[in-house]
Each structure stands twice: as structure tokens, then as C-alpha cells.
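J.: Sequence and predicted model, in that order:
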Amino acid sequence: MKLKTLFTITLALACGLLAAGCEHANSTTELIPAAVLVNQNLAESLTIIAPDQKFIANVKIENPGYMSVGDVVPAGKYSKEKANLPLVYAAYAAGAEVKLSQNDQIETLRKLDSLSKIAGSNGQQAIAFADVAYIGSSLKSSLYTANIDNLGLSTPVFQIEDVLQQWALAPLAVEVKDGQPGGVWYTTTGWGVGGPGIVFPITQGLNYFDVQAGSNTEYLSRDESLQGLSPDNRLAGSIASSSSGDHAMTVTNLETRWTLKFPLRKESDMGAGYAVFPPNGQYAAWLEAGASPYDPYQYNYVVRVGNLSEAKVIFEIDAGAAAQTLNADAVTYLRPVGWLDNNSLLIEARGENWEDANIVRLDLNDGKLYQFAGGAFVSFLY
């Protein structure tokens, strides 16, 4: 682990705008996670872990398999009683299903052709998901949003049909107004794109769909590939969407439109992605990757942390540091998954066997790594 005290940052707007943007982002109520949902045993449940690392409960899930970030959405306010925690998740068999786990009972809410993503509302019941289907040679994706009590009867609020490039809707977060879904933050994702050489999500743009008005607002253009959204939906991390563009991490304040670019490490020839932000919006953490000189399909991963108000990188965590913390022979993959609080970054680390997953915590106060929990990170609970 290395502390960076000097780093050159490229500002797209003046530093004064940067400071004003950060102050504005801090004016809202901070969303501090109350617990963490972890996939520990690939069995029939997910595990709730308290911030102090104490076990709280297991929650029943059918066939959790390799469930990880983005597969499960808590749909309600967290309580220490697991019966009060509804979980909405995706299941894939002869198409896709949206399922609800509550009170140790599993219910199928929707059956779909296919599913791009499920998004939640940070402790509230609103859910958004996108159904994706081929119609002839074109790809049609339909955005749904509802509370869990009427999700099964919901109808599309927005649709796109892509004939040439086949991009699909991917909801990211739901904003709630008067107890109902008021708007959905979404991007578009390259449908069916994957495989060796693709390290980070393939996305284009960032938009907000106002459910009541039926209108769209663009916040990032299709030239920008979204890599992460802050808990309060005010900060976004992105890279250039062009394959030949600069894939350095750029942080954008979506209200003031200031931007801040963190140049890549010279070794990060595969670019950057997976940006996560703490509740107070003072930092950004992201992953950078470089190709191994020994194998073109193996990568060297480094998690970086940038201080937005000081405009500099303050920490870099590599696989060796994570392996030492875990007393593991090797760590072959890293990914920042979120912030436990304003000074505690959670990082998922995996061994040579993909099932060998653990979560480590970087404490910004002392600059040290600590083991947090065994298993794969799934979601925060609020």
C-alpha cells in the first residue's frame, strides 16, 4: 500500500467550482449504511454483517450462486429482525425472473424475456428494472418501476429500441417522491458484450427519467461511459466511451457540472472503472488495471482513492497489500465496492479460485487495511 502525497490532477473547471460543488453535495442528509449484505457460502442464504463485523442473520435466497454487486436489491428500511428485510433479486432460468425474499418466503414477482439490471432506492421500497427482448433484428428494452407491493402489475414507463448497435436500458437508482417512484437514474449498456479483454462495464451516458412528467434529462453524453454513481446521486464517475479515448477516471458533479480528471497510472493500460463514493462525497475510489507482461488475459489491479477537495490521489492498494492483510497466497482480483462510512472503504478481493472471495476495509484515518468479512459483497442495507 502506498501513500501518494503529490499527484498532478487535471481540472476541467476551476478549483473554485470544485470546492463549491463539494459543499453543495454535503448539504443533503448523508446515507450511512446500517449493515452489509454478503454472499458467504454459495448456499441458500445471504448473510447480514454489522459495521463492527458482528454476524446478525442469514436471509433466505434461492440459488444465490455467484451473486455479487448489482444482483440483489434491498427493498425497505433495514431492521435487525431479518423478517422485516425484503430482498428483490434476479433469477435466470428459461428467461429471467424478478423474485422477492421476505419472511423466509420466496415469491416470483415477474417473468421476463431477459433482464439487464435491478435498481433500488436506498432503504425504501421502490424498484426499477429493465426487460430486454429481441424484436426481429432490433433490441427493445423496457423500463419498469414500482413499489414491491405493485411491482407484479407494473407497466413500462419508458422504452428504447436499438436496431444498429443494440444498447439496452440499465437502471441505476430510484428516487422516491411521496412514497412512490418519482424518477430513475439510468445508463445504457452494451447488450451481450463481454469476454477476455473487457475489464470494466461497457456503458454510454447517464440520464434521469422523471416518471411523473415522462421526461428525460441527460447528465452525461453517450461519449462518456458511466462507471459509478454516488449514494445521493450527485456525483458520477466515468471514462471515455470510445475504445481509443482517454480511459482515465473523471468525476462529475451532476448539479454544478464541474469535472475532475485523475490521470491514469502509466501501468494502467487497460483503463479505469468501478467508481464508488462515500456518503459525504469528499472522496472517490476506483479500480485501474494493467495487462500482465506474462499473460494478455491476466491483469494487475490497483484500487486508487482520490481526495476531491484537495484534487489528489491519496492511497493506492494493490493485490499484494490485500493478500498480506488476508494472509493469502495470492489475490488475483480487486474491486472497490462501497464505503461503510466517510472514512472506511470496502474492497472485494478474490483468489485464484473465483469462489475464494473476501472483503477488506481501508481505514483512511490510519491508512491501514483490515479484514472485514469472508464472502462476496452484495449490497449495503440502510
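T.: Looks like it came in fine.
J.: C-alpha from now on. contacts and neighbour counts both.
T.: Noted.
J.: low-scoring pLDDT stretches of the chain, where are they?
T.: Per-residue confidence of the chain (counting by pLDDT under 70) places the weak regions at 1-28, 42, 64, 82-83, 194-196, 296.
J.: can you confirm Lys117 is in a strand?
T.: Yes. Counting by DSSP: H, G, I helix; E, B strand; the rest coil, Lys117 is found in a strand.
J.: mind starting the numbering at 325 from now?
T.: Okay, residue one is now 325; in that scheme the one you just asked about reads as Lys441.
J.: my read: it touches Ala497, true?
T.: No. If you go by Cα atoms under 8 Å, Lys441 and Ala497 don't touch, sitting 10.5 Å apart.
J.: beta partners of Lys423?
T.: Applying DSSP bridges to Lys423 gives these bridge partners: Tyr413, Thr432.
J.: for it, what are its contacts?
T.: Neighbour list for Lys423: 412-415, 430-434 [criterion: Cα atoms under 8 Å, 6 or more residues apart in numbering].
J.: and Leu658, that's in a helix?
T.: No. Assigned with three-state DSSP, Leu658 falls outside any helix and is strand.
J.: quick one: it from Glu612, how far?
T.: Plainly put, Leu658 is 10 Å away from Glu612 if you go by Cα to Cα, to the nearest Å.
J.: so what's in contact with those two at the same time?
T.: Common contact partners of Leu658 and Glu612 (Cα under 8 Å, 6+ apart): 625-627.
J.: And the residues you listed, which of them are buried?
T.: 625-627 (16 or more other Cα atoms under 10 Å).
J.: now, which of these sits nearest Ile472?
T.: Comparing these against Ile472 with Cα to Cα picks out Val627 as the nearest, at 35.5 Å.
J.: check contacts around the closest one.
T.: Under the contact definition (Cα under 8 Å, 6+ apart), the residues listed for Val627 are 609-612, 640-642, 658-660.
J.: Any idea how far apart the tips of stretch 521-537 sit?
T.: Stretch 521-537: ends 41 Å apart by Cα to Cα.
J.: Which residue would you name as the spatial centre of the chain?
T.: Computing the C-alpha centroid of the chain and ranking residues by Cα atoms, centre = their mean puts Gly552 first, at 5.7 Å.
J.: residue contacts, Val422?
T.: With contacts taken as Cα under 8 Å, 6+ apart, Val422 has the following neighbours: 412-415, 432-436.
J.: could you dump those residues to TSV with distance to Glu368 and neighbour count?
T.: Converted to TSV, the contacts of Val422 look like this (distance: Cα to Cα, whole Å; neighbours: other Cα atoms under 10 Å):
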residue	distance to Glu368	neighbour count
Val412	15	26
Tyr413	13	25
Ala414	14	24
Ala415	13	19
Thr432	16	15
Leu433	19	17
Arg434	21	15
Lys435	21	19
Leu436	23	15
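J.: from those, which is closest to Ser445?
T.: Taking Cα to Cα as the measure, Val412 is the one of these closest to Ser445, at 11.7 Å.
J.: Surely Gln622 touches Ala613?
T.: No. The pair Gln622 / Ala613 is not scored as a contact, 9.6 Å apart, by Cα under 8 Å.
J.: if you count what's nearby, which of those two comes out ahead?
T.: Here Gln622 and Ala613 are set side by side on neighbour count (other Cα atoms under 10 Å), and the busier one is Ala613, at 24 against 16.
J.: Name the strands paired with the helix or strand hosting the more buried one and say parallel or antiparallel.
T.: In the assignment (DSSP states H and E), Ala613 maps to strand 607-615. Using DSSP bridges, the strands paired with strand 607-615 in its sheet are strand 595-600 (antiparallel), strand 623-631 (antiparallel).
J.: right, so those: which one is the most enclosed?
T.: Most buried of the strands paired with strand 607-615, by mean neighbour count (mean count of other Cα atoms under 10 Å): strand 595-600, with a mean of 27.
J.: next one: it to chain centre, how far?
T.: Averaged C-alpha coordinates place strand 595-600 at 10 Å from its chain's average position (Cα atoms, centre = their mean, to the nearest Å).
J.: pull the CA atoms of that strand into PDB?
T.: Listed in PDB are the C-alpha atoms of strand 595-600, where the atom choice follows Å, rounded to 0.1, in the frame of the first residue of the first chain:
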ATOM      1  CA  GLY A 595      -8.000   1.900 -18.100                       C
ATOM      2  CA  ALA A 596     -10.200   2.700 -15.000                       C
ATOM      3  CA  GLY A 597     -13.700   1.900 -13.800                       C
ATOM      4  CA  TYR A 598     -15.900   0.900 -10.900                       C
ATOM      5  CA  ALA A 599     -16.100   4.300  -9.100                       C
ATOM      6  CA  VAL A 600     -17.600   4.400  -5.600                       C
END
